[in-house]
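**Q** Can you look at this prediction? I've put the sequence above it.
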Amino acid sequence: MIPFAKRIMPAALALAAGAVVVLPAILLGMPNNNDLANHYHFAIPFYEALGHGDLYPSLFASPNFGYGDVIVRFYPPALYYLFAAGRFLAGNWYAGSLMTITVVSALGSLAAYFWARCYVPRNLAIMAGLFYALMPYHLAEFYQAAQLAEFAAGAALLFALAFTKRLCDHNRWRDAAGLAAAYAGLVLSHLPLAVFGSLTLGLYAIVNLRRSDLRSVFMKLAGAIAVGLGASAFYWVTMVSEMKWIVADGAHPDPMLDYSHNFVFSSFSPDKQETIWWMGLLAIATLLMCLPAVFSTASEYRQQRQRSVVALFGVLIFAFVMCTALSKPVWAVIPYLRMTQHPFRWLAVVSVIAPVLMATAVPFWQTRLRNHLRPVALMMCGCVLIAVAFSLTQTVRGARYLSRTHFDQIVTPLNEAPGIIQWLPIWAIESAKGQASYEKCTPPVALNQIDAGQRAVHISQWNDTTRSFAVDAGAPGDARVATFYYPHWQASVNGRRLPTSSAKDGALLVSLPDQAVNVTLEFREPARTKIADGISIISWTLIAAILILGTFAAARHELTAN
């Protein structure tokens, strides 16, 4: 039996590697970018809803100056549960956010270590955790682009790939349960990476399947993905069913969101398209980091050894090709792939795979450092150091850091601030007409929460999903509620439904009779939501049960063997 300390210390060092790369942010401040405000537009009302006892909110009531926001029904929630936990523990958003990012970064390096253990010993697997922490695109996700959800999703994808490999190698149910949990985490973290990750997982599973237990492992793989989808059903069932009810990109299509304009190396001019130019530099830095692994894998292939490493290298090549215009035919054929808009985000997948492949190359170059190929080995080390130096000087040092004071000034108003146009209900399209940016997206101004014309209104209750108000007798007509219309809002009087509709500006209208009435307005989830919630509960219970039983069985087997 391996001593406990020897088993834990390598994993702890991998965790530390992920945490250390966040140190500049802890010392200098939270990196700022346009996407940062978008995350807290979601995170702040999400935290408040959790504080009210709503474990998964149906909508946010406070954003858009009180007209509400349905973004929670469409954007993956996993990161915001972590942000809420950080906010709760730290007592403020600034420290809580840095705590969350540190944990996410550390988990990513731990996941790289966990996957690398399928290929190399513990001492070398630590290098995978370190390499992942230093991958150029991975660092840019946090320090330059504020792509925090994608930053977090990388850890889920790493765990999913690790459990896929372990399942193909050992054919164990507990690895299937681990894959299900990791895949659910991926879906609940970031949709584009979930799409890319699903393709990558499928290819990786294919190249690792063995004929001896092909049918059994395939069934476990399929079952794991199915349970993972079930565990995340509480989110994606609503998202898929109601996507047609939000503006998305239909009203204001941005030509630069066309996937064909966003391949890596498609432009080398920063004046033409700064993002693609920058992604090209990150791709070059990533290639430099991968170069030693490329040479070592080619040598291993010629010697007919390490077939599993060669298969891993093939998956890496696939991921990198998907970043470039060479993959255009694939993008044109695979459903939903084009909706992800940014092929350069495949660099996130490359950044997940490369560290493990690099860890497998370490023994190869250690040997060369001690023989006549020492100059070549030093050149390969230099390539990695150049890429790391580029990341530290251009990505980390070049970030725009926010002190706590400036961070609070940006974040505090976001609770009620106007949301992003793409997440507005389609009935609010007139209020968004001609607007194409976060700053210009403003809902209609409302002097009163409820306006019934000449009829007096008395509000008795007003919370996120339930409102009650009394209206005096008068001419029949519509009461205008300062809330964006959405089909799940239902108005009733003594159990009798009242018609609802949308005003031209997207506000909710309730048709009132001429007599005095007490109106109850409720946001009621459809039956499919309750069914999806039940499936998710059952799936997570099944995952937990298999993991617990499998862990106990493995421990008992190890004790018996010793």
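**A** Thanks, I have it.
**Q** Surely residue 529 is in contact with residue 239?
**A** No. Counting by Cβ atoms under 8 Å, residue 529 stays clear of residue 239, with 11.2 Å between them. Bear in mind the C-beta positions are built from the backbone N, C-alpha and C, glycine included.
**Q** With neighbour numbers in mind, choose between these two.
**A** Neighbours were counted for residue 529 and for residue 239 using other Cβ atoms under 10 Å; residue 529 has more, 20 against 16.
**Q** Skipping its backbone neighbours, what lies nearest the more buried one in space?
**A** Sequence neighbours aside, residue 238 is the residue nearest to residue 529 in space, at 6.0 Å (criterion: Cβ to Cβ, 6 or more residues apart in numbering).
**Q** Next up, the contacts around the one you found.
**A** 73-74, 528-529, 532 (Cβ atoms under 8 Å, 6 or more residues apart in numbering).
**Q** pLDDT score assigned to it?
**A** With respect to pLDDT, residue 238 scores 96.
**Q** that older thread, can you name the two of the contacts of residue 238 that sit furthest apart?
**A** 74 and 528 (15.2 Å; Cβ to Cβ).
**Q** More neighbours: which of these two?
**A** Neighbour count, other Cβ under 10 Å: between residue 74 and residue 528, residue 74 has more, with 19 against 13.
**Q** Check whether that one really touches residue 239, as I assumed.
**A** Yes. The pair formed by residue 74 and residue 239 meets the contact definition of Cβ under 8 Å, at 5.1 Å.
**Q** residues touching residue 107, list them.
**A** Contacts of residue 107 by Cβ under 8 Å, 6+ apart are 15, 18, 155.
**Q** Count the neighbours of the closest residue to residue 142 other than its chain neighbours for me.
**A** If the residues on either side of it in the chain are set aside, residue 142 comes closest to residue 151, at 5.2 Å by Cβ to Cβ, 6+ apart. Residues lying near residue 151 (other Cβ under 10 Å) number 25.
**Q** sec struct for residue 151, please.
**A** helix (DSSP: H, G, I helix; E, B strand; the rest coil).
**Q** who does residue 511 bridge with?
**A** Counting by DSSP bridges, residue 511 is bridged to residue 478.
**Q** since we're on it, how many residues are nearby?
**A** Neighbourhood size, residue 511 [other Cβ under 10 Å]: 13.
**Q** my guess is it contacts residue 493, does it?
**A** No. The criterion here is Cβ under 8 Å, and residue 511 misses it with residue 493 at 10.8 Å.
**Q** shaky segments in this protein?
**A** Along the chain, segments meeting pLDDT under 70 span 1-4, 249-257, 267-274, 300-306, 430-446, 554-562.
**Q** Show me the strands in it, by range?
**A** Assignment of strands within the chain using DSSP state E yields the ranges 30-31, 401-402, 450-451, 457-462, 466-471, 477-484, 489-493, 496-498, 500-502, 507-512, 517-523.
**Q** Would you mind finding the most buried of the ones you listed?
**A** Most buried of the strands of the chain, by mean neighbour count (mean count of other Cβ atoms under 10 Å): strand 30-31, with a mean of 24.
**Q** Buried ones in stretch 60-72, by neighbour count?
**A** By neighbour count on 16 or more other Cβ atoms under 10 Å, the buried set for stretch 60-72 is 60-65, 67-72.
**Q** picking up where we left off before, please list all residues in contact with the residue nearest to residue 142.
**A** Contacts of residue 151 by Cβ under 8 Å, 6+ apart are 101, 104-105, 108, 138, 141-142.
**Q** by contact count, what packs against the lengthiest helix in the chain?
**A** Longest helix in the chain by number of residues, with DSSP state H as the criterion: helix 527-561. Applying 3 or more Cβ pairs under 8 Å, 6 or more residues apart in numbering; DSSP states H and E, one finds that helix 527-561 makes contact with helix 173-187, helix 214-231, helix 233-242.
**Q** The first one versus helix 214-231: what angle between them?
**A** In other words, helix 173-187. On the basis of axes from the mean of the first three to the mean of the last three Cα atoms, to 10 degrees, helix 173-187 is oriented at 40 degrees to helix 214-231.
**Q** hmm, who's touching helix 173-187?
**A** 76, 78, 153, 155-157, 159-160, 162-164, 166-167, 193-194, 197, 201, 220-221, 223-225, 227-229, 231-232, 235-236, 539-540, 542-543, 546-547, 549-551, 553-554.
**Q** cool, stretch 490-503 as well?
**A** By Cβ under 8 Å, 6+ apart, stretch 490-503 touches 427, 478, 480, 485, 489, 508-513, 517-524.
**Q** rerun at 7 Å
**A** Residues from elsewhere that reach stretch 490-503 (Cβ atoms under 7 Å, 6 or more residues apart in numbering): 427, 480, 485, 489, 508-511, 517-522, 524.
**Q** same check, this time on stretch 377-389
**A** By Cβ under 7 Å, 6+ apart, stretch 377-389 touches 134, 136, 285, 288-289, 291-292, 295, 365, 368-369.
**Q** Would you mark the buried spots in stretch 200-207?
**A** Quick answer for stretch 200-207 (16+ other Cβ under 10 Å): 200-201, 204-205.
**Q** And these, which is closest to residue 259?
**A** residue 200 (17.5 Å).
**Q** who touches that closest one in this structure?
**A** Residue 200 neighbours (Cβ under 7 Å, 6+ apart): 315, 319, 349.
**Q** quick one: which of those is nearest residue 30?
**A** residue 349 (26.3 Å).
**Q** The residue nearest to that closest one when sequence neighbours are not counted: what's it in contact with?
**A** In this structure, residue 349 finds its nearest non-sequential neighbour in residue 319, 4.2 Å apart by Cβ to Cβ, 6+ apart. Neighbouring residues of residue 319 by Cβ under 7 Å, 6+ apart: 200, 346, 349-350, 353.
**Q** Highest neighbour count among the residues you listed?
**A** residue 350 leads those on contacts (other Cβ under 10 Å) with 29 neighbours.
**Q** How about the contacts made by it?
**A** So, once contact is read as Cβ under 7 Å, 6+ apart, residue 350 ends up touching 286, 316, 319-320.
**Q** Show me what stretch 215-228 is in contact with.
**A** Against stretch 215-228 from outside (Cβ under 7 Å, 6+ apart): 167-168, 171, 173, 176, 179-180, 183-184, 205, 209, 539, 542-543.
**Q** Any of those residues buried? List them.
**A** Among the contacts of stretch 215-228, the ones that count as buried (16+ other Cβ under 10 Å) are 167-168, 173, 176, 179-180, 183-184, 205, 209, 539, 542-543.
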